[in-house]
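Enquirer: Provided below for reference: sequence and predicted model.
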Amino acid sequence: MHNTLLMSGPGDSRVEATAFGAQALSWHCRGRERLYLSPRADVSGAAIRGGVPVIFPQFAARGPGPRHGFARTLTWETEPDPERLRFRLRDREETRRHWPYRFGAELDVEPGEDRLRITLTVHNADADPFEFSAALHTYLAVGDIAETQVHGLEDRPYIDSARGGAPCPPSGAPVRFGGEVDRIYADTRRLLRVTDGEHMLRFEAEGFADTVVWNPGAELAAGLSDLEPDGYRRFVCVEAAQVLQPVRLQPGQTWTGAQILTVQSNRGC
Ligand SMILES: O=P(O)(O)OC[C@H]1O[C@H](O)[C@H](O)[C@@H](O)[C@@H]1O
């Protein structure tokens with residue numbers, strides 16, 4: 001089991017995270033848990049299924065390194081800060097084995113009264129430019145995936161990763177989940193809303209240009225040993241991402257991306 005750090009914000013907002021992967025595992029706000037963490041998550045050193053995995057420096061298998069990058073399976077340093085959980089990762093032998101650059105990354109997790117802000121900063125400490133992809137792979141807790149919708153992407157084309165990366169035109173409707181959904185929406189700098197029939201959460205990003213929406217659906221979920229039976233019904237991944245156009249940083253340059261989740265309404269609670 002990984003050690004966890006706690007940070008309380010105003011009201012009942014409280015976040016729990018682990019230095020392993022700099023991963024937020026729980027965000028309790030306005031009376032309920034807002035993130036999904038699989039009870040069968042592998043805590044032996046593999047990627048943890050749930051919370052907010054940090055994807056860096058590659059997304060999925062779009063690169064030669066480990067799937068979704070090495071950041072989610074390395075232990076980050078922690079830095080004391082009274083208002084946020086702050087994690088830092090610098091290049092080291094394990095990172096240079098996969099990605100030969102000198103870099104510094106920071107992840108800040110800040111619980112607000114009705115919001116959670118997660119900020120990723122990447123600095124090029126190398127003598128050469130480098131490119132990377134990144135995502136905050138947020139597992140949002142939902143009452144039932146069958147009732148869940150993601151609003152705000154109706155007019156955006158997307159890449160359908162569930163269909164071999166096929167480019168698809170805008171669907172004209174909120175995203176609904178009747179099976180596997182795995183999409184990369186490009187250029188989504190706008191407010192998104194996630195509803196599950198009972199609750200509504202606002203999802204905003206800064207710096208990240210893309211949004212990934214994922215739920216494995218029943219069939220694929222049955223093959224994921226770190227998910228409980230029917231666990232796929234209890235989350236939707238909405239990910240602030242920079243995937244389709246990797247970030248290019250010159251020596252000395254810094255990039256920052258953030259994701260802000262806000263509890264908008266809490267009908268039924
Ligand atoms: O199982 P993981 O390596 O954590 O990946 C989980 C999911 O991450 C992203 O959302 C990708 O778009 C999906 O294709 C992938 O299945």
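Expert: Yep, that arrived.

Enquirer: A71: what's it in contact with?
Expert: 21-22, 54-57, 89, 105 (Cβ atoms under 8 Å, 6 or more residues apart in numbering). Glycine gets a C-beta too; all of them are placed from N, C-alpha and C.

Enquirer: out of those, who's nearest the ligand?
Expert: Taking Cβ to the nearest ligand atom as the measure, I55 is the one of the contacts of A71 closest to the ligand, at 7.9 Å.

Enquirer: re earlier: cross the contacts of A71 against helices and list the overlap.
Expert: With helices taken from DSSP state H, there is no overlap with the contacts of A71.

Enquirer: These into TSV, with extra columns for pLDDT?
Expert: Formatted as TSV, these follow (pLDDT from 0 to 100):
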residue	pLDDT
G21	98
A22	98
V54	99
I55	98
F56	98
P57	98
L89	98
A105	98
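
Enquirer: Out of those, which comes closest to F177?
Expert: I55 (21.1 Å; Cβ to Cβ).

Enquirer: Next one: that closest one from S8, what distance?
Expert: 27 Å (Cβ to Cβ, to the nearest Å).

Enquirer: again with S26
Expert: 12 Å.

Enquirer: same deal with V212?
Expert: From V212 to S8 the distance is 30 Å (Cβ to Cβ).

Enquirer: same thing with L227?
Expert: 29 Å.

Enquirer: shared neighbours, S26 and S8?
Expert: R14.

Enquirer: For R88, give me its contacts.
Expert: Counting by Cβ under 8 Å, 6+ apart, the residues that R88 touches are 76-79, 104-107.

Enquirer: Which ones among those also lie next to the ligand?
Expert: Among the contacts of R88, no residue sits close to the ligand (Cβ under 6 Å from any ligand atom).

Enquirer: Quick check: chain neighbours aside, which residue is closest to G104?
Expert: Nearest residue to G104 in three dimensions, chain neighbours excluded: H123, at 4.3 Å (Cβ to Cβ, 6 or more residues apart in numbering).

Enquirer: which helices and strands does the helix or strand where that neighbour lies pack with?
Expert: Per DSSP states H and E: H123 is located in strand 115-124. When contacts are defined as 3 or more Cβ pairs under 8 Å, 6 or more residues apart in numbering; DSSP states H and E, strand 115-124 packs onto strand 23-29, strand 103-111, strand 130-141, strand 235-249, strand 254-265.

Enquirer: contacting residues around the helix or strand following the third one?
Expert: What that stands for is strand 130-141. For strand 130-141, the following helix or strand on the C-terminal side (DSSP H and E) is strand 149-151. With Cβ under 8 Å, 6+ apart as the test, strand 149-151 has contacts from 174-176, 192-196, 213, 236, 238.

Enquirer: Tell me the buried residues within the residues you listed.
Expert: Buried residues within the contacts of strand 149-151, counting neighbours by 16 or more other Cβ atoms under 10 Å: 174-175, 192-196, 213, 236, 238.

Enquirer: Please report the number of neighbouring residues for A209.
Expert: 18 (other Cβ atoms under 10 Å).

Enquirer: hang on, it packs against A240?
Expert: No: counting by Cβ atoms under 8 Å, A209 stays clear of A240, with 9.2 Å between them.

Enquirer: so what's the nearest residue to A134 once chain neighbours are set aside up against?
Expert: Counting by Cβ to Cβ, 6+ apart, F56 is the residue found nearest to A134 once chain neighbours are left out, at 4.6 Å. Counting by Cβ under 8 Å, 6+ apart, F56 makes contact with 69-72, 105, 120, 122, 132-135.

Enquirer: Lovely, talk soon.
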